[in-house]
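Visitor: Sequence and predicted structure, then a few things I'm wondering about:
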Amino acid sequence: MERRLGRAQSQPLFVLNVNIDDHKVHIAGLTSSYWIHIDSRRRRHTCTCPDFKRRNDLCKHLAYVYIRVCHLPLNYIREYRGFPPCKLSAPQKSPIREEVECPICYDEFLQSHSRRFCR
């Protein structure tokens with residue numbers, strides 16, 4: 001689990017789409033894209049990547065969604081053995097309707113003079 005949590009934080013992954021109604025997130029890495037399905041009622045979360053299909057356990061894509069999209073702390077993910085309750089959310093907006101988080105990587109925008117940019 002620790003290796004996958006580390007990869008989720010260090011490797012380039014991007015959110016292509018968040019479908020809150022269907023509880024799905026489309027994630028892209030450098031070579032492929034995968035669908036994550038979050039079913040918190042049954043505590044059954046899945047990913048279409050080969051790692052998840054082979055091991056049926058936490059993969060870096062699920063970990064990325066937990067950390068970046070659901071904003072869960074690492075200890076919480078560890079406590080639930082890789083399948084914590086998770087509520088999907090769209091990127092956060094500030095009260096003046098400007099984006100606070102990048103809608104692709106879910107990192108907070110950095111301020112540089114009067115421009116906003118993603119890490």
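Guide: Received, thanks. All values derive from a computational prediction rather than experimental measurement. Residues are numbered from 1 along each chain as shown.
Visitor: rest of the way, CA atoms for contacts and neighbours
Guide: Noted.
Visitor: could you point out which element follows the biggest helix by length in the chain?
Guide: Counting by DSSP state H, the longest helix found in the chain is helix 2-10. Using DSSP states H and E, the helix or strand that follows helix 2-10 in sequence is strand 14-19.
Visitor: How about exporting that following strand as PDB, limited to the C-alpha atoms?
Guide: Extracted as PDB, the C-alpha positions of strand 14-19 are listed here (Å, rounded to 0.1, in the frame of the first residue of the first chain):
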ATOM      1  CA  PHE A  14      -4.500  14.000 -14.100                       C
ATOM      2  CA  VAL A  15      -8.200  14.100 -13.700                       C
ATOM      3  CA  LEU A  16     -10.000  14.100 -17.100                       C
ATOM      4  CA  ASN A  17     -13.500  14.000 -15.800                       C
ATOM      5  CA  VAL A  18     -15.500  13.700 -12.600                       C
ATOM      6  CA  ASN A  19     -19.000  12.300 -12.900                       C
END
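Visitor: Show me what that strand packs onto, helices and strands only.
Guide: strand 24-28 (3 or more CA pairs under 8 Å, 6 or more residues apart in numbering; DSSP states H and E).
Visitor: Describe which strands the strand it packs on pairs with in its sheet and in which direction.
Guide: strand 14-19 (antiparallel), strand 33-39 (antiparallel) (DSSP bridges).
Visitor: thinking again about what came up before, buried sites along the longest helix of the chain?
Guide: Arg4, Leu5, Arg7, Ala8 (16 or more other CA atoms under 10 Å).
Visitor: before we move on, the earlier item: want to try CSV for the strands paired with strand 24-28, with mean pLDDT as columns?
Guide: As requested, those are exported to CSV (pLDDT from 0 to 100):
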stretch, mean pLDDT
strand 14-19, 85
strand 33-39, 89
